[in-house]
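Asks: When you get a sec, could you give me coordinates for this:
(3 chains)
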Amino acid sequence: MDDLARLMIERECSRLPLLFARYADNGDHASLAQLFTEDCEFARPFQPDHPFYGRERVQGLFRDRPPILVRHVVSNVLVEVVSETDARGTNYLTMLSCHASTEPPQPAGGLYVGGFEDHYVLTPGGWRFKSRYGHVALHQGGAMPDIPPPSDEARGVK
Amino acid sequence: MDDLARLMIERECSRLPLLFARYADNGDHASLAQLFTEDCEFARPFQPDHPFYGRERVQGLFRDRPPILVRHVVSNVLVEVVSETDARGTNYLTMLSCHASTEPPQPAGGLYVGGFEDHYVLTPGGWRFKSRYGHVALHQGGAMPDIPPPSDEARGVK
Amino acid sequence: MDDLARLMIERECSRLPLLFARYADNGDHASLAQLFTEDCEFARPFQPDHPFYGRERVQGLFRDRPPILVRHVVSNVLVEVVSETDARGTNYLTMLSCHASTEPPQPAGGLYVGGFEDHYVLTPGGWRFKSRYGHVALHQGGAMPDIPPPSDEARGVK
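Replies: Here you go, the predicted structure:
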């Protein structure tokens, strides 16, 4: 692979975490879902041990939750190109949100700092998340939220 | 446009929000102003509904305020190349500041998370901000500052 | 230097602060040390006036401290290519940590925002930090830590 080809793959893949943040923060769950392969795996940072399986269920996660004002601040984006159709990446996420109103500006609860381990693959529609595993490492100004674990059915566990 | 040309435009434009942060944080208002076109529009994140018009007034904003210790933490930089001379972009901003002293390190007041919608154009001097519209989405550890709205004259409204 | 060569140098150098964060946060002090030249200089953000000299002592700094849960959130990465073997860069660092447990997630103490001034050089093994000078500009939610200044011997001062 030549330098330019590698740069282009890195460019494509490093945009995916940023587009994920844009669509998650804009509430555009349809565009967010399109960043994933149909057979993807996705674990939310707040529920690292309960991955969801399949693009439909990832979209449902974001579509069916109450509207919130949220910002996914993405940093430390590193992409390792494995081949012309396969890449891995890690990135950090700093998240703030407000559940009381979606009208900015609003006071946020806690600040949550974690990250993702990503697997990117080239599909006919472009580079996509094949898997995306999140976690939270540290939080400040707010406790970890108490989210009931999703059912196996909701997660698409077969 | 070929891949390399597009990468170069993305490179140039994605540096602008970072240079804006550098000059804003270093107090270098002259260099900051040079990042904008002469006929630019700029709305500060704390005053999204009161844009300033023209490079001179943008420079004045940063030149004429009392010195502060501030950091503009920039992330989520996405650039969409429209043509060889035109591009759009979004990016996130996390801002902390101290008004009591400019001698680091200092305790900051609130943490403010927002972003910008940018319009970049190619000028004879390079890529510049044609417009830059900021907002704050969420804040933590401090209230929104109560800044009196600037006069139409100060903003260059004709 | 042509555009592609410059992009590749920027790519290599802009990865160094991100890899530094990865290895610092993963506790991989051996890989972290390999990011530096043998004769490097490194000043920690919390001790900007007490640089350490030499790769061995940089590794020792990270190897010999008690394990902590920490995240180095890196942003505002700007690289200026000086020549085919020399570059300069600045970047911002937002740091959170917990000293009580390394099992995530944990509540963090203060949030510290600062940055680095870097000097990168090309070595036979690739681009490396020749020097890396850190500082903290602002902190929130916690005081500056009271770290005793290291001895000249610990720092490798001759």
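Asks: Please state the offset of the longest helix along chain A from the chain centre?
Replies: In chain A, with assignment by DSSP state H, the single longest helix is helix A:3-26. Remark: helix A:3-26 is offset 12 Å from the chain centroid, using CA atoms, centre = their mean, to the nearest Å.
Asks: close to chain B, is the following helix or strand past it?
Replies: Later in the chain than helix A:3-26, the nearest helix or strand by DSSP states H and E is helix A:29-33. No. Using CB under 8 Å from any CB of the partner chain, we find that helix A:29-33 stays clear of chain B, coming within 13.0 Å at best. Every residue, glycine included, has its C-beta placed from N, CA and C.
Asks: so who does the spatially most central residue of chain A touch?
Replies: Taking CA atoms, centre = their mean, the centroid of chain A lies closest to A:Phe20, which sits 5.5 Å from it. Contact analysis of A:Phe20 by CB atoms under 8 Å, 6 or more residues apart in numbering or on different chains lists A:Leu32, A:Leu35, A:His72, A:Val74, A:Phe129, A:Arg132.
Asks: and the residues you listed as JSON lines, adding neighbour count and secondary structure?
Replies: Formatted as JSON lines, the contacts of A:Phe20 follow (neighbours: other CB atoms under 10 Å in any protein chain shown; DSSP: H, G, I helix; E, B strand; the rest coil):
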{"residue": "A:Leu32", "neighbour count": "24", "secondary structure": "helix"}
{"residue": "A:Leu35", "neighbour count": "22", "secondary structure": "coil"}
{"residue": "A:His72", "neighbour count": "21", "secondary structure": "strand"}
{"residue": "A:Val74", "neighbour count": "25", "secondary structure": "strand"}
{"residue": "A:Phe129", "neighbour count": "25", "secondary structure": "strand"}
{"residue": "A:Arg132", "neighbour count": "26", "secondary structure": "strand"}
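Asks: any idea which of the residues you listed is closest to C:Arg55?
Replies: A:Val74 (31.0 Å; CB to CB).
Asks: Just confirm the closest one contacts A:Met95, I think it does.
Replies: No. Using CB atoms under 8 Å, A:Val74 is not in contact with A:Met95; the gap is 9.8 Å.
Asks: hang on, the earlier thing: angle of the longest helix of chain A against helix B:3-26?
Replies: 60 degrees (axes from the mean of the first three to the mean of the last three CA atoms, to 10 degrees).
Asks: If you count neighbours, what's buried in helix A:3-26?
Replies: Judged by neighbour count using 16 or more other CB atoms under 10 Å in any protein chain shown, the buried positions of helix A:3-26 are A:6-25.
Asks: Likewise for stretch A:66-79?
Replies: Those would be A:Leu69, A:Val70, A:Arg71, A:His72, A:Val73, A:Val74, A:Ser75, A:Asn76, A:Val77, A:Leu78, A:Val79, for stretch A:66-79 by 16+ other CB under 10 Å.
Asks: which other helices and strands contact the lowest-mean-pLDDT helix or strand in chain A?
Replies: Lowest on mean pLDDT, DSSP states H and E among the helices and strands of chain A sits helix A:152-155, with a mean of 93. Helix A:152-155 makes packing contacts with strand A:52-53, helix A:55-63 when contacts are defined by 3 or more CB pairs under 8 Å, 6 or more residues apart in numbering or on different chains; DSSP states H and E.
Asks: Run through the neighbouring helices and strands of the last one.
Replies: Okay, so that is helix A:55-63. helix A:29-33, strand A:36-43, helix A:152-155.
Asks: Worst mean pLDDT among these?
Replies: Mean pLDDT is lowest for helix A:152-155 out of the helices and strands packed on helix A:55-63, coming in at a mean of 93.
Asks: circling back to that earlier point, nearest to chain B, of the contacts of A:Phe20?
Replies: Nearest to chain B, judged by CB to the nearest CB, of the contacts of A:Phe20 is A:Val74 at 5.3 Å.
Asks: and the gap between A:Ala100 and A:Leu69?
Replies: 9 Å (CB to CB, to the nearest Å).
Asks: Likewise for A:Ser14?
Replies: 26 Å.
Asks: Looking at the helices and strands packed on helix A:152-155, which one is packed in the most?
Replies: With neighbours taken as mean count of other CB atoms under 10 Å in any protein chain shown, the helices and strands packed on helix A:152-155 reach their highest mean count in strand A:52-53, at a mean of 20.
Asks: So the closest residue to A:Arg6 other than its chain neighbours versus chain C, what's the distance?
Replies: Nearest non-adjacent residue to A:Arg6, counting by CB to CB, 6 or more residues apart in numbering or on different chains: A:Val81, 5.4 Å away. A:Val81 sits 12 Å away from chain C when distances are taken as CB to the nearest CB, to the nearest Å.
Asks: Same question for A:Arg132.
Replies: Relative to chain C, and taking CB to the nearest CB, A:Arg132 is found at 17 Å.
Asks: Turn the contacts of A:Phe20 into JSON lines, including distance to C:Gly125.
Replies: JSON lines is the format used below for the contacts of A:Phe20 (distance: CB to CB, whole Å):
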{"residue": "A:Leu32", "distance to C:Gly125": "40"}
{"residue": "A:Leu35", "distance to C:Gly125": "36"}
{"residue": "A:His72", "distance to C:Gly125": "35"}
{"residue": "A:Val74", "distance to C:Gly125": "30"}
{"residue": "A:Phe129", "distance to C:Gly125": "32"}
{"residue": "A:Arg132", "distance to C:Gly125": "32"}
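Asks: out of the residues you listed, who's nearest C:Ser151?
Replies: Using CB to CB, the contacts of A:Phe20 come closest to C:Ser151 at A:Val74, 40.0 Å.
Asks: And the pLDDT for that closest one?
Replies: Reading off the model, A:Val74 has pLDDT 98.
Asks: show me the contacts for A:Arg55.
Replies: Here A:Arg55 is in contact with A:Ala33, A:Gln34, A:Phe36, A:Thr37, A:Glu38, A:Asp39, A:Cys40 (CB under 8 Å, 6+ apart).
Asks: Scan those and report the most crowded one.
Replies: Tallying neighbours with other CB atoms under 10 Å in any protein chain shown puts A:Phe36 at the head of the contacts of A:Arg55, with 25 neighbours.
Asks: Give me the pLDDT for A:Gln148.
Replies: Careful, residue A:148 is Pro and not Gln. 91.
Asks: Just say helix, strand or coil for it.
Replies: Secondary structure, DSSP: H, G, I helix; E, B strand; the rest coil: A:Pro148 is coil.
Asks: can you count the residues close to it?
Replies: 6.
Asks: any idea how far A:Gln47 is from it?
Replies: Relative to A:Gln47, and taking CB to CB, A:Pro148 is found at 10 Å.
Asks: Next, count neighbours for A:Glu103.
Replies: Around A:Glu103 there are 8 residues (other CB under 10 Å).
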